[in-house]
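Novice: Need coordinates for the following:
(one chain, ligands or ions: 4)
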Amino acid sequence: MSYDKQLIAAKKAASLAARLCQKVQKGLLQSDVQSKSDKSPVTVADYGSQVLVSFVLQRELPSHAFSLVAEEDSGDLRKEESQETLRRITKLVNDTIANDGTYNVSPLSEADVLTIIDCGTSEGGAIGQHWVLDPIDGTKGFLRGDQYAIALGLLDEGKVVLGVLACPNLPLESIRSQDQNALNKAGCLFSAQLSCGTYMESLEGSPPVKVHVSDTENPEDASFFESYEAAHSSHSLSGAIAKKLGVKAPPVRIDSQAKYGALSRGDGAIYLRFPNKGYREKIWDHAAGYIVIAEAGGVASDAGGKPLDFSKGRYLDLDTGIIVTNQKLMPALLKAVQDSLKEQALPSL
Ligand SMILES: Nc1ncnc2c1ncn2[C@@H]1O[C@H](COP(=O)(O)OS(=O)(=O)O)[C@@H](OP(=O)(O)O)[C@H]1O
Ligand SMILES: [Mg+2]
Ligand SMILES: [Mg+2]
Ligand SMILES: [Mg+2]
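Specialist: Numbers count the residues shown, from 1 in each chain. Ligands and ions are numbered 1, 2, ... in the order given. All right, here's what the predicted structure looks like:
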């Protein structure tokens, strides 16, 4: 089955959302940032991006049933004190649609914006097709001026069949490049479709090039990625695993699913993610990255070696953590992970 039409729509949606995010990141105001009930940050750009992606997908695929599992909801924006924020989001969305010029529509109202945000409340699951969206993955990175991604995947019967990662601050060249000019040219779009490979192009639309994960078999040559935020993933555990495996290079800390994108083109060879016990991973934090890696020849699994299961609803039910690498390194990585987890579980003498 081909998902060509959906892929074109997904690339358009993520690129337009990236434009809105770039504009907001340039002139971020303190009033643009709010705290959600779980204390995590959310900005006008998270909401605006979710509206644009949902709007574009429905416009581009009018004859397709539309189901969306997305991170944000309109609850906080419906409160009296959020009226100014809602006005700002509505203006950002309307300006981005008007500047793009593809859609000849009258401006969205604030009520339209709230309704479109709430299109993202689907539960997903193992039946039918569901879009999975993180409108800004790495909001903390976005606020710091660092890496973030607009991450959009499509599930069909519980499997990820396509994924797009727009990474406005990721250079087109490897992040290991020393060439400052190359590093200044930022803005990558990764896209993958089941059995068709992973491609990268610039956000401005350069010809797509096929990418492949690093093929190193030697952990001494491998570098590993982990979350920038220590609260999102145990840096000490990944350090212990890397040491056991024989990795020489220091960790590379990047926010968001930009890690999956950078790994898919071989900027590093391993991604380790070990959240605190009790944290439940959401499908939108991994769906797009999962297929971007798989189609580039890599593997992502839980810390027990099982493939990630996106068919269970909005959460991924996981064994301990997520590990990503190429096919050749996976057995050794899995062993180092298992041994380190066992050691960590032992009471210290
Ligand atoms: N406690 C905890 N543990 C693990 N993960 C958490 C935690 N809290 C948040 N999150 C999720 O992490 C998403 C950000 O991605 P990363 O962790 O890869 O990036 S970062 O380097 O830490 O910013 C981030 O995604 P966004 O909310 O979309 O930014 C969260 O979903
Ligand atoms: Mg996220
Ligand atoms: Mg997010
Ligand atoms: Mg968030």
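
Novice: Let me know the secondary structure of His64.
Specialist: coil (DSSP: H, G, I helix; E, B strand; the rest coil).

Novice: excluding its backbone neighbours, what's nearest Thr325?
Specialist: Of all residues beyond its chain neighbours, the one nearest Thr325 is Ile270 (4.7 Å), with distances taken as Cβ to Cβ, 6 or more residues apart in numbering. Placement of C-beta: from N, CA and C, glycine included.

Novice: likewise Leu263?
Specialist: Tyr271 (5.5 Å).

Novice: got it, and Gly304?
Specialist: Closest residue in space to Gly304, ignoring its immediate chain neighbours: Asp319 at 4.0 Å, by Cβ to Cβ, 6+ apart.

Novice: now Ala17
Specialist: Leaving out its chain neighbours, the residue that sits closest to Ala17 by Cβ to Cβ, 6+ apart is Ser49, at 3.9 Å.

Novice: Quick one: list the elements packing against the helix or strand where the one you found lies.
Specialist: Element membership for Ser49 (DSSP states H and E) is helix 44-60. Where contact means 3 or more Cβ pairs under 8 Å, 6 or more residues apart in numbering; DSSP states H and E, helix 44-60 is packed against helix 4-26, strand 68-70, helix 83-100, helix 110-117, strand 129-137, strand 149-156.

Novice: Quick one: low-confidence residue ranges for this structure.
Specialist: Scanning the chain for pLDDT under 70 picks out 29-32, 182-183, 346-349.

Novice: who in it is up against ligand 4?
Specialist: Proximity of the chain to ligand 4, by Cβ under 5 Å from the ion, involves residues Ser40, Thr139.

Novice: What residues does the chain have near ligand 1?
Specialist: 40, 71, 134, 136-141, 227-229, 231-233, 255-256, 275-276, 279, 282, 285 (Cβ under 6 Å from any ligand atom).

Novice: are any of these buried, and which?
Specialist: 71, 134, 136-141, 227-228, 232-233, 255-256, 275, 282, 285 (16 or more other Cβ atoms under 10 Å).

Novice: Could you list everything the residue nearest to Leu263 pairs with in the sheet?
Specialist: Phe225, Val324 (DSSP bridges).

Novice: give me the number of residues near it?
Specialist: By the criterion of other Cβ atoms under 10 Å, Tyr271 has 26 neighbours.

Novice: I'd guessed it sits against Gln257; true?
Specialist: No. Between Tyr271 and Gln257 there is no contact, the gap being 9.9 Å when judged by Cβ atoms under 8 Å.

Novice: ok so Phe108 is a strand residue?
Specialist: No, residue 108 isn't Phe; it's Leu. No. Counting by three-state DSSP, one finds Leu108 to be coil, located in no strand.

Novice: Run through the helices of the stretch 151-300 of the chain in chain order.
Specialist: For the stretch 151-300 of the chain, the helices defined by DSSP state H, counting those that start in this stretch cover 180-184, 235-245, 258-264, 287-295.

Novice: Could you pull up the contacting residues of Phe224?
Specialist: Applying Cβ atoms under 8 Å, 6 or more residues apart in numbering, we find Phe224 in contact with Ser238, Ala242, Val247, Ala249, Pro251, Val252, Gly268, Ala269, Ile270, Tyr271, Leu272.

Novice: returning to what we had before: restricted to strands, list the residues of the chain next to ligand 1.
Specialist: Asp134, Ile136, Asp137, Lys282 (DSSP state E).

Novice: need the longest strand for this structure.
Specialist: strand 159-171.

Novice: Go through it and flag the buried ones.
Specialist: Residues of strand 159-171 classed as buried: Val160, Val161, Leu162, Gly163, Val164, Leu165, Ala166, Cys167, Pro168, Asn169, Leu170, Pro171 (neighbour count, 16+ other Cβ under 10 Å).

Novice: what's the answer for stretch 315-330, then?
Specialist: Across stretch 315-330, burial judged by 16+ other Cβ under 10 Å covers Leu316, Leu318, Thr320, Gly321, Ile322, Ile323, Val324, Thr325, Asn326, Lys328, Leu329, Met330.

Novice: Look through the stretch 201-349 of the chain and state the residue closest to ligand 2.
Specialist: Closest approach between the stretch 201-349 of the chain and ligand 2, counting by Cβ to the ion: Asp285, at 4.3 Å.

Novice: ok, that residue to Gly266 distance?
Specialist: Distance of Asp285 to Gly266, computed by Cβ to Cβ, to the nearest Å: 22 Å.
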